[in-house]
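1. next come a sequence and a model predicted from it.
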Amino acid sequence: MHLRRASTEASRPDSYYQSVMNIGKALSTTVALLAFSAVALADIAVQYNGNYLRFPDAKPTMTGGRVLVPLRAVLEGMGIDVKFDPATNVITASQDETVVKLRLGDREATVNDRLVLLDVPAQAVKGRTFVPLRFFGEAFGAEVRWRAADETVLITRDEVITSPIPGDVTGLPQATALTHTGSGWMRGGEQITFALKASPKQPATLYLNEGQIQIKFTETTPGNYTASYTVPSAGVQRVSFEDEDAFAVVGMNSQRIAIRTTQALKVDNTNPNIVNLEPIRLQKLVQKRPVITAELQDMNGSGIDRSSVRIWVDGNDMTSSAYVTDKLILLKPDSDLSEGSHNVKLTVADMAGNMSTVETDFDVIYANNLVQSFTLDSPAMVEPGDRIQMTARVDSTMRRAWVKFGPQGTLRSFSGEPGSTMTASYTVAKGDAFDETPIIVVMENSKGERLEYATEKTITMVGASTPKPVVTSPLADAVLGDSLIVKGTATNAKTVRVKVEYTSSLLGLLETSGLVREVELDIKEDGTFATDAIQLKGILGSKADSYRVTVTAISAKGRESTPVVMNYKGK
């Protein structure tokens, strides 16, 4: 989740930001979360450098759209020395070289004698002194983040407070160690056992994958707890997360303490994808050494393991002759293939060991001089408006012939009769995305079979780029429900990447944004695409104010189009 100041704060004096930004990072996350609702204030826990702070007799309160917290409960909990002079109503907070002074009821404060303007003054409420949390957090260089899994605000600073926290952690349970048996990437079916050492007879919960997975611990002997997690198969639930530090929460309500494991946990149960395998099934090629290619994908997974890639032609392992990257495999056989049917089998695994396999069958036809000549009259690099002239002579036994750019290109007819010189031309359009695209002659014989012959000619567009996709549904500015299906069209592209993000405003104080989901999917033969239903969410799982969908088309060569951004309304 990313946070930024709402536009309503743009009118603040520059001196405010300049003074505070030189001192520390904002605690804006804490302000927003504590301000979320009157009910949430009572339920949210506040943790500072691993210790939970308590508010035994005075709770945070909202004034003028800003959160005020009990003076001593938070500042002393952060190890900051606090003094209050009742004669002058002046609060002095100090630590190391930072000294902050402000007077009850005033909108002006000083940080190391520099004037800072406050949105909300410090004030007395029912005999307790309340101070603006945001201002003090900034002044003393604290940083916070929100852990939605157990509704806790985590406040951290670089320094480590070794002295006891006065009166704020009494009665809390203790946790001293959290370990697990996971090693390297874990995949479907593998089990991870967690061991927790903590105060006996306490409820304890394990949280994985940013809290999305929750497992109860079992106390086996006093103070020793265990929990296990079996990575599900991808058919049951797709799971993939990397370097996620698992954590456990011990205790209940305000008497809770959290502990993290220092062992990185990496899980991936989803097989990689092998797409756009060529030659395509049952294709007939007038070539003795056809080029075999495929694209490799492992979206949001552990990544392709190049050493795992294997390719067989007619049962013969030809991996050593192939060119392999983490995105594609390319093989041109070292020797001629025999005439007739051939089989290609390709396997690939990701770093977690999840494996995928695909196969294709195609025919090689020995037909000498079916394509007797082919010439290309165009620049090596073409631009929109350039005219490409082609001539070809194919055997007179063929009924007709076409030319196309690339295996998936559109057929364009030759003028003339087989057995004579035929011509074809094409004017390069703005939306074309030629990138070393092979030119292929397609012929039809007397049986109606289509035979393909890849010439040695290729065509490339200057500054070759992939055309922008078109989003056909939902329409711009539509109001979304609980789920979203993105539909559209794309040309000269193999896949599209769809990224859905949310934006919410908490009580007009802050804008929060984050990722809902990001997927990459193949474009269908008719040029259309559609996602599965994407469940929409915002902060704390609620509906967001608005959503932004970014769609990018990606060519077979990995060239990305200019993204198309669509904005929608939430609640």
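-> Received, thanks.
2. Arg260 reaches Tyr207, doesn't it?
-> No - proximity of Arg260 to Tyr207 does not meet the contact threshold set by CB atoms under 8 Å, at 9.6 Å. Glycine gets a C-beta too; all of them are placed from N, C-alpha and C.
3. which residues do the two both contact?
-> Contact criterion CB atoms under 8 Å, 6 or more residues apart in numbering; residues bridging Arg260 and Tyr207 by contacting each: Ala246, Phe247.
4. and the two? Which one has more around it.
-> The neighbour count for Arg260 versus Tyr207, taken as other CB atoms under 10 Å, is higher for Tyr207 (21 against 13).
5. isn't the more buried one right up against Gln214?
-> Yes - with the criterion set as CB under 8 Å, Tyr207 and Gln214 qualify as a contacting pair; they are 5.8 Å apart.
6. can you list the buried residues in stretch 454-464?
-> Of the residues in stretch 454-464, those scored as buried under the neighbour-count criterion (16 or more other CB atoms under 10 Å) are Ala454, Thr455, Thr458, Ile459, Met461, Ala464.
7. in the sheet, which residues pair with the fourth one? Tell me.
-> In this structure, Ile459 has beta-bridge partners Thr437, where bridges are defined by DSSP bridges.
8. now do the end-to-end distance for stretch 483-491.
-> 27 Å (CA to CA, to the nearest Å).
9. where does the stretch 251-400 of the chain dip in pLDDT?
-> Per-residue confidence of the stretch 251-400 of the chain (counting by pLDDT under 70) places the weak regions at 253-254.
10. which residues does Thr261 contact?
-> Thr261 neighbours (CB under 8 Å, 6+ apart): Leu178, Thr179, His180, Phe194, Asp245, Ala246, Phe247.
11. so can I have TSV of these showing pLDDT, secondary structure and neighbour count?
-> Supplementary listing: the contacts of Thr261 in TSV, determined by pLDDT from 0 to 100; DSSP: H, G, I helix; E, B strand; the rest coil; neighbours: other CB atoms under 10 Å:
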residue	pLDDT	secondary structure	neighbour count
Leu178	91	strand	26
Thr179	92	strand	14
His180	94	strand	20
Phe194	95	strand	23
Asp245	63	coil	13
Ala246	79	coil	24
Phe247	83	strand	19
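12. spell out, range by range, the helices that occur in the chain.
-> 14-21, 28-34, 38-43, 71-75, 133-139 (DSSP state H).
13. next, Arg559: phi, psi?
-> Reported as degrees, to the nearest 10, the phi and psi values for Arg559 are phi -80, psi 130.
14. Thr460 is in contact with that one, correct?
-> No - the pair Arg559 and Thr460 does not pass the contact test of CB under 8 Å, sitting 11.4 Å apart.
15. residues touching the residue nearest to Thr261 when sequence neighbours are not counted, list them.
-> Excluding the flanking residues, the one nearest Thr261 by CB to CB, 6 or more residues apart in numbering is Leu178, at 4.4 Å. Residues counted as contacts of Leu178 (CB under 8 Å, 6+ apart) are Phe194, Ala195, Leu196, Lys197, Ala246, Phe247, Ala248, Ile259, Arg260, Thr261.
16. which one of the contacts of Thr261 sits closest to Pro333?
-> Nearest to Pro333 among those, counting by CB to CB, is His180 at 47.5 Å.
17. mind checking how far the nearest residue to the closest one once chain neighbours are set aside is from Met318?
-> What sits nearest to His180 in space, not counting adjacent residues and going by CB to CB, 6+ apart, is Phe194, at 4.7 Å. Counting by CB to CB, to the nearest Å, the gap from Phe194 to Met318 is 45 Å.
18. try Pro290
-> Pro290 is 13 Å from Met318, where distance means CB to CB.
19. now do Phe241
-> Phe241 sits 36 Å away from Met318, going by CB to CB.
20. likewise Thr179?
-> Taking CB to CB as the measure, Thr179 falls 45 Å from Met318.
21. same question for Val291.
-> Using CB to CB, we find Val291 at a distance of 13 Å from Met318.
22. shared neighbours of these two, anything?
-> Leu331.
23. okay, now the domains of the chain?
-> What automatic domain parsing lists as the domains of the chain is 2-156, 175-268, 273-364, 371-461, 470-569.
24. now the weakest link among those domains, please, by mean pLDDT.
-> Mean pLDDT is lowest for domain 2-156 out of the domains of the chain, coming in at a mean of 62.
25. enumerate every residue touching the closest residue to Glu190 other than its chain neighbours.
-> With CB to CB, 6+ apart as the measure, Val231 is the residue that lies nearest to Glu190, at 5.3 Å, once sequence neighbours are left out. Listed by CB under 8 Å, 6+ apart, the contact partners of Val231 are Met186, Arg187, Gly188, Gly189, Glu190, Gln191, Ile192, Val239, Val267, Asn269.
26. if we use 7 Å, what do you get?
-> Contacts were defined as CB atoms under 7 Å, 6 or more residues apart in numbering; by that measure Val231 touches Met186, Arg187, Gly188, Gly189, Glu190, Val239, Val267, Asn269.
27. repeat that for Ser473.
-> Contacts of Ser473 were listed using CB under 7 Å, 6+ apart, and they are Lys487.
28. ok, now how distant is it from Thr531?
-> From Ser473 across to Thr531, the span is 10 Å (CB to CB).
29. correct me if wrong: Asp435 contacts Gly558.
-> No - no contact is recorded between Asp435 and Gly558 when judged using CB atoms under 7 Å, the distance being 9.3 Å.
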